[in-house]
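Trainee: give me the fold of what follows.
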Amino acid sequence: LNCIQWLIEYFNKYAYAHCAIYGTSFISSASNTFKLFANEGITALLNDDLTGSVLFCGALISGIATGAVGYGIGYAFYHDHEDKEVREGVPVGLGVYGGFIGLVLCVCVLTVVKS
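Mentor: Sure, this is the predicted structure:
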């Protein structure tokens, strides 16, 4: 059980950021980061970190916007098609596909901001 606690303390995203910023080894960065958090008493703040949910909401809004653009493009090109399945299916398909791609791309970009 102590081994698991040690892994949780030393392998966190803040140690990776410390390593990248200061150019130190990962072990020393993890140790320095955990000492900083323990000394400053901000471990509770780390547990209640809300940036991830806020960034995901932004990515979700981006996905909805790109889905709406995809639906609009599909509707613009296929709104007068003679086949009902094409007229209704293509805009919906493009909307879902555009929303998914927009969500994934925005999550990838905002992951950098989160770290």
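Trainee: count of residues packed around residue 74?
Mentor: When counting by other C-beta atoms under 10 Å, one arrives at 22 neighbours for residue 74. In this view, the C-beta of every residue, glycine as well, is placed from N, C-alpha and C.
Trainee: burial measure for the residue nearest to it when sequence neighbours are not counted, as a count.
Mentor: Spatially, and ignoring its direct neighbours in sequence, residue 74 is nearest to residue 91 (3.2 Å; C-beta to C-beta, 6 or more residues apart in numbering). Using other C-beta under 10 Å as the criterion, residue 91 is surrounded by 20 other residues.
Trainee: I'd say residue 91 and residue 78 touch.
Mentor: Yes: contact criterion C-beta atoms under 8 Å: residue 91 and residue 78 qualify, at 6.3 Å.
Trainee: OK, contacts around residue 114?
Mentor: 51, 52, 55 (C-beta atoms under 8 Å, 6 or more residues apart in numbering).
Trainee: against residue 104, how distant is it?
Mentor: From residue 114 across to residue 104, the span is 15 Å (C-beta to C-beta, to the nearest Å).
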